[in-house]
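Peer 1: Next input, structure requested:
(one chain, ligands or ions: 1)
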Amino acid sequence: MFCVRNAFSSSVKRVLRTSLTSNSSEYNLIRSRSISSDTIRSWSVGKINHVAIAVPDLEKATSLYRDILGANVSKSTPLPEHGVYTVFVELGDTKIELLHPLGENSPIEGFLKRNPAGGIHHICLEVSDIHKAVDSLKGKVRALNPEPKIGAHGKPVVFLHPKDCDGVLVELEQE
Ligand SMILES: C[C@@H](C(=O)O)C(=O)SCCNC(=O)CCNC(=O)[C@H](O)C(C)(C)COP(=O)(O)OP(=O)(O)OC[C@H]1O[C@@H](n2cnc3c(N)ncnc32)[C@H](O)[C@@H]1OP(=O)(O)O
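Peer 2: Model prediction:
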């Protein structure tokens, strides 16, 4: 009886010790991660600036938001350096960006081939410091243009690879 109780109690102690040790090391790991990311992070991510929709027929898509839904929409603007036409739909403090291919080798050509009816192409998030953001993402998330380009709002933008962002193309824009 004594032997059985002793064996039981030492196995309980072993389980407790293992669990305590592993919890402590997890705790230390979590603690050190949050301390180091707090220390290193000198930029922050802000609100969604816009959601971009690639469309096969820009006039038809503009008419949906302007004439049927009654939103304010911008004029169509060609952005040859990005290979797209854009139309912005104003929605309170955020926007929808309608995208249509411009010229040969438009970066949205392939997307529209795969999604001929159109679809959500990317989301754009504001960041407080785009250069620091790009630096701190190195080795974790691939930037498609590590050197920021001037985007549709005249501000620097960087696109992040959709395969590193859960299947979503993410654009970072300087606030
Ligand atoms: C004006 C400016 C602004 O707002 O300021 C803009 O919007 S300019 C908006 C247009 N500019 C950009 O999009 C610039 C950044 N984009 C790019 O560099 C390109 O579009 C890529 C994201 C690299 C995709 O190019 P492309 O379609 O030729 O690549 P690919 O056919 O090799 O595709 C590689 C893989 O990525 C996936 N993939 C491609 N485009 C995607 C998208 N928009 N969202 C989610 N996944 C996507 C494909 O399905 C494929 O997956 P599987 O391998 O599984 O089949």
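
Peer 1: got a list of contacts for stretch 148-167?
Peer 2: 49, 77, 79, 81-82, 86, 88, 97, 122, 124, 130-131, 133-134, 137, 140-146, 168-175 (Cβ atoms under 8 Å, 6 or more residues apart in numbering). Every C-beta, even on glycine, is put in place using the N, C-alpha and C of the backbone.

Peer 1: Could you list which of these belong to helices?
Peer 2: Judged by DSSP state H, the contacts of stretch 148-167 include 130-131, 133-134, 137 as members of helices.

Peer 1: which one of those residues has the most neighbours?
Peer 2: For the ones in helices among the contacts of stretch 148-167, the largest number of neighbours (other Cβ atoms under 10 Å) sits with residue 133, at 23 neighbours.

Peer 1: Residue 163 versus that one, what's the distance?
Peer 2: To residue 163, residue 133 is 19 Å away according to Cβ to Cβ, to the nearest Å.

Peer 1: Without its sequence neighbours, what residue ends up closest to residue 131?
Peer 2: Take residue 131 and drop its neighbours on the chain: the residue closest to it by Cβ to Cβ, 6 or more residues apart in numbering is residue 148, 7.4 Å away.

Peer 1: same question, residue 96
Peer 2: Excluding the flanking residues, the one nearest residue 96 by Cβ to Cβ, 6+ apart is residue 89, at 4.1 Å.

Peer 1: If anything else comes up later, I'll come back, but that's it for now.
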